[in-house]
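K.L.:
Everything below, folded, please.
(one chain, ligands or ions: 2)
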Amino acid sequence: MIFCSLQINTQIYGGSLLFAFIIFKLFQGSIFIRNENIQILLRNILFLYLESIVITDALLENQLLYDKTNTIEKSMQKYEDANIQKMGLYILLMEFIYYTVHRIIHHRIFYKWIHKQHHENYSVVPGDAFYSSLIENNLILFSCYLPILAFPLSALEHKSIMIFYNTSFYLSHSDIVYNHHSIHHKFHHYNYSLLLPIFDIIFGTSK
Ligand SMILES: [Zn+2]
Ligand SMILES: [Zn+2]
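P.N.:
Ligands and ions are numbered 1, 2, ... in the order given. I've put the predicted structure just below:
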(Lines give C-alpha, C1' and ligand atoms only; values in the text may rest on other atoms or scores of the structure.)
(Ligands and ions follow the chains in the order given, each with its own letter.)
Protein backbone atom coordinates (compact mmCIF):
# COMPACT_ATOMS: atom_id res chain seq x y z
CA MET A 1 0.00 0.00 0.00
CA ILE A 2 2.86 2.39 0.74
CA PHE A 3 3.85 2.57 -2.95
CA CYS A 4 0.27 3.36 -3.91
CA SER A 5 0.13 6.03 -1.21
CA LEU A 6 3.44 7.49 -2.39
CA GLN A 7 2.13 7.64 -5.96
CA ILE A 8 -1.17 9.30 -4.96
CA ASN A 9 0.52 11.97 -2.85
CA THR A 10 3.23 12.68 -5.40
CA GLN A 11 0.44 13.39 -7.88
CA ILE A 12 -1.40 15.58 -5.36
CA TYR A 13 1.58 17.66 -4.20
CA GLY A 14 3.47 17.71 -7.50
CA GLY A 15 0.37 18.18 -9.67
CA SER A 16 -1.16 20.99 -7.64
CA LEU A 17 2.10 22.92 -7.46
CA LEU A 18 2.56 22.58 -11.21
CA PHE A 19 -1.07 23.49 -12.02
CA ALA A 20 -1.00 26.50 -9.70
CA PHE A 21 2.29 27.72 -11.19
CA ILE A 22 1.04 27.36 -14.78
CA ILE A 23 -2.31 29.08 -14.08
CA PHE A 24 -0.57 31.85 -12.11
CA LYS A 25 1.82 32.51 -14.99
CA LEU A 26 -1.02 32.36 -17.56
CA PHE A 27 -2.72 35.17 -15.64
CA GLN A 28 0.64 36.97 -15.69
CA GLY A 29 1.14 36.83 -11.97
CA SER A 30 4.61 37.98 -10.98
CA ILE A 31 6.05 36.60 -7.70
CA PHE A 32 5.07 32.98 -7.02
CA ILE A 33 7.32 32.35 -4.02
CA ARG A 34 9.19 34.82 -1.79
CA ASN A 35 12.89 33.95 -1.76
CA GLU A 36 13.14 34.53 1.98
CA ASN A 37 10.37 31.96 2.63
CA ILE A 38 11.67 29.12 0.46
CA GLN A 39 13.28 27.19 3.33
CA ILE A 40 10.16 27.21 5.53
CA LEU A 41 7.96 26.44 2.56
CA LEU A 42 10.06 23.44 1.52
CA ARG A 43 10.11 22.19 5.13
CA ASN A 44 6.33 22.49 5.42
CA ILE A 45 5.53 20.88 2.08
CA LEU A 46 7.95 18.03 2.83
CA PHE A 47 6.28 17.43 6.21
CA LEU A 48 2.80 17.61 4.70
CA TYR A 49 3.82 15.25 1.88
CA LEU A 50 5.35 12.67 4.24
CA GLU A 51 2.48 12.86 6.71
CA SER A 52 -0.04 12.53 3.89
CA ILE A 53 1.74 9.39 2.67
CA VAL A 54 1.41 7.82 6.13
CA ILE A 55 -2.25 8.91 6.50
CA THR A 56 -3.21 7.75 2.99
CA ASP A 57 -1.51 4.40 3.59
CA ALA A 58 -3.50 3.89 6.81
CA LEU A 59 -6.75 4.88 5.07
CA LEU A 60 -6.07 2.47 2.20
CA GLU A 61 -5.30 -0.32 4.66
CA ASN A 62 -8.61 0.34 6.42
CA GLN A 63 -10.63 0.63 3.22
CA LEU A 64 -11.63 4.21 3.99
CA LEU A 65 -9.93 5.01 0.71
CA TYR A 66 -10.57 2.28 -1.78
CA ASP A 67 -10.13 1.34 -5.46
CA LYS A 68 -6.47 1.75 -6.13
CA THR A 69 -6.31 3.04 -9.69
CA ASN A 70 -2.83 2.79 -11.08
CA THR A 71 -3.33 3.02 -14.82
CA ILE A 72 -4.73 5.84 -16.93
CA GLU A 73 -7.19 3.41 -18.52
CA LYS A 74 -8.61 2.42 -15.14
CA SER A 75 -8.65 6.04 -13.99
CA MET A 76 -10.74 7.08 -16.99
CA GLN A 77 -13.29 4.37 -16.22
CA LYS A 78 -13.37 5.37 -12.60
CA TYR A 79 -13.93 9.06 -13.40
CA GLU A 80 -17.24 8.01 -14.92
CA ASP A 81 -18.05 6.15 -11.73
CA ALA A 82 -17.22 9.08 -9.45
CA ASN A 83 -19.91 9.67 -6.87
CA ILE A 84 -20.35 13.44 -7.26
CA GLN A 85 -22.94 13.65 -4.48
CA LYS A 86 -20.62 12.02 -1.95
CA MET A 87 -17.71 14.18 -3.10
CA GLY A 88 -19.92 17.24 -2.58
CA LEU A 89 -20.80 16.15 0.95
CA TYR A 90 -17.13 15.49 1.66
CA ILE A 91 -16.23 19.01 0.49
CA LEU A 92 -19.04 20.53 2.54
CA LEU A 93 -17.85 18.79 5.71
CA MET A 94 -14.23 19.69 4.98
CA GLU A 95 -15.19 23.35 4.52
CA PHE A 96 -17.13 23.28 7.80
CA ILE A 97 -14.26 21.72 9.76
CA TYR A 98 -11.71 24.14 8.27
CA TYR A 99 -14.01 27.12 8.91
CA THR A 100 -14.38 26.09 12.58
CA VAL A 101 -10.66 25.41 13.05
CA HIS A 102 -9.75 28.69 11.31
CA ARG A 103 -12.04 30.72 13.55
CA ILE A 104 -10.63 29.02 16.64
CA ILE A 105 -7.01 29.76 15.69
CA HIS A 106 -7.93 33.41 15.23
CA HIS A 107 -8.88 33.54 18.91
CA ARG A 108 -6.25 35.49 20.84
CA ILE A 109 -5.40 32.40 22.95
CA PHE A 110 -4.22 30.43 19.91
CA TYR A 111 -3.46 33.10 17.32
CA LYS A 112 0.07 33.99 18.41
CA TRP A 113 1.50 30.48 18.55
CA ILE A 114 -0.46 28.82 15.73
CA HIS A 115 -1.68 31.25 13.09
CA LYS A 116 0.33 34.49 13.40
CA GLN A 117 3.12 33.30 11.08
CA HIS A 118 0.67 32.67 8.25
CA HIS A 119 -0.62 36.23 8.62
CA GLU A 120 2.81 37.86 8.50
CA ASN A 121 2.14 39.17 5.01
CA TYR A 122 -0.66 41.62 4.40
CA SER A 123 -0.41 41.18 0.65
CA VAL A 124 0.02 37.52 -0.35
CA VAL A 125 1.69 35.45 -3.08
CA PRO A 126 0.86 31.77 -3.87
CA GLY A 127 3.93 30.52 -1.99
CA ASP A 128 2.45 31.95 1.22
CA ALA A 129 -0.20 29.21 1.12
CA PHE A 130 1.95 26.87 3.17
CA TYR A 131 3.98 29.52 4.95
CA SER A 132 2.67 28.67 8.38
CA SER A 133 3.52 26.91 11.64
CA LEU A 134 3.79 23.12 11.71
CA ILE A 135 0.78 23.01 14.06
CA GLU A 136 -1.29 24.92 11.53
CA ASN A 137 -0.18 22.58 8.74
CA ASN A 138 -1.40 19.65 10.79
CA LEU A 139 -4.72 21.36 11.39
CA ILE A 140 -5.10 21.78 7.62
CA LEU A 141 -4.36 18.07 7.16
CA PHE A 142 -6.86 17.26 9.90
CA SER A 143 -9.55 19.28 8.10
CA CYS A 144 -8.80 17.62 4.79
CA TYR A 145 -8.81 14.03 6.02
CA LEU A 146 -11.34 13.91 8.86
CA PRO A 147 -14.43 13.87 6.54
CA ILE A 148 -13.25 10.51 5.19
CA LEU A 149 -14.58 8.89 8.38
CA ALA A 150 -18.08 10.01 7.41
CA PHE A 151 -17.75 9.75 3.63
CA PRO A 152 -15.25 7.10 2.50
CA LEU A 153 -14.16 7.87 -1.06
CA SER A 154 -12.31 6.09 -3.80
CA ALA A 155 -8.65 7.04 -3.97
CA LEU A 156 -9.36 8.77 -7.27
CA GLU A 157 -12.27 10.81 -5.91
CA HIS A 158 -10.19 11.90 -2.94
CA LYS A 159 -7.14 12.65 -5.05
CA SER A 160 -9.24 14.82 -7.40
CA ILE A 161 -10.59 16.85 -4.48
CA MET A 162 -7.11 17.27 -2.99
CA ILE A 163 -5.49 18.35 -6.27
CA PHE A 164 -8.31 20.84 -6.86
CA TYR A 165 -8.16 22.22 -3.32
CA ASN A 166 -4.35 22.33 -3.13
CA THR A 167 -4.17 24.16 -6.47
CA SER A 168 -6.89 26.57 -5.33
CA PHE A 169 -5.13 27.08 -2.00
CA TYR A 170 -1.98 28.32 -3.78
CA LEU A 171 -3.99 30.51 -6.17
CA SER A 172 -6.18 31.92 -3.41
CA HIS A 173 -3.00 33.54 -2.07
CA SER A 174 -3.08 36.03 -4.91
CA ASP A 175 -5.67 38.28 -6.47
CA ILE A 176 -5.93 36.32 -9.71
CA VAL A 177 -9.07 34.23 -10.30
CA TYR A 178 -10.57 34.73 -6.83
CA ASN A 179 -9.87 37.26 -4.06
CA HIS A 180 -11.81 35.61 -1.22
CA HIS A 181 -8.74 34.58 0.79
CA SER A 182 -6.56 37.56 -0.05
CA ILE A 183 -9.32 39.68 1.58
CA HIS A 184 -8.94 37.48 4.68
CA HIS A 185 -5.23 38.38 4.79
CA LYS A 186 -6.11 42.08 4.65
CA PHE A 187 -8.99 42.18 7.14
CA HIS A 188 -8.41 39.02 9.25
CA HIS A 189 -11.95 38.68 10.62
CA TYR A 190 -13.72 37.90 7.35
CA ASN A 191 -13.62 35.02 4.86
CA TYR A 192 -12.46 32.12 7.04
CA SER A 193 -13.56 29.47 4.53
CA LEU A 194 -11.08 27.37 2.61
CA LEU A 195 -12.50 28.00 -0.85
CA LEU A 196 -16.32 28.01 -0.94
CA PRO A 197 -17.73 30.88 1.16
CA ILE A 198 -20.80 28.87 2.29
CA PHE A 199 -20.12 29.05 6.03
CA ASP A 200 -18.93 32.66 5.86
CA ILE A 201 -22.32 33.51 4.40
CA ILE A 202 -24.19 31.40 6.98
CA PHE A 203 -22.26 32.84 9.96
CA GLY A 204 -22.08 36.42 8.66
CA THR A 205 -18.31 36.63 8.13
CA SER A 206 -18.34 37.07 4.36
CA LYS A 207 -16.75 40.16 2.77
ZN1 LIG B 1 -3.74 32.36 3.85
ZN1 LIG C 1 -6.51 33.39 9.14
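K.L.:
wait, what's in contact with the most centrally placed residue in the chain?
P.N.:
The centre of the chain sits closest to Asn166, judged by CA atoms, centre = their mean, with a distance of 4.1 Å. Contacts were defined as CB atoms under 8 Å, 6 or more residues apart in numbering; by that measure Asn166 touches 12-13, 16-17, 20. The C-beta positions use only the backbone N, C-alpha and C, and glycine is treated the same way.
K.L.:
May I ask which two of the residues you listed are separated the most?
P.N.:
Looking at the contacts of Asn166 by CB to CB, the two members farthest from one another are Ile12 and Ala20, with 12.2 Å of separation.
K.L.:
In contact with the closest residue in space to Tyr98 that isn't next to it in sequence, which residues?
P.N.:
Here the nearest residue to Tyr98 in space, its sequence neighbours aside, is Ser143; by CB to CB, 6 or more residues apart in numbering that works out to 4.0 Å. For Ser143, the set of contacting residues under the criterion of CB under 8 Å, 6+ apart consists of 94, 97-98, 101, 194.
K.L.:
Phe3 now?
P.N.:
Taking CB under 8 Å, 6+ apart as the criterion, Phe3 is in contact with no other residue.
K.L.:
So which residues of the chain form strands?
P.N.:
All strands of the chain, identified by DSSP state E, fall at 65-66, 153-154.
K.L.:
Quick one, which of those strands gets closest to Arg108.
P.N.:
Relative to Arg108, the nearest member of the strands of the chain by CB to CB is strand 153-154, separated by 36.5 Å.
K.L.:
model confidence over the closest one, on average?
P.N.:
Averaged over strand 153-154, pLDDT sits at 88.
K.L.:
partners of it, with directions?
P.N.:
According to DSSP bridges, strand 153-154 has the following sheet partners: strand 65-66 (parallel).
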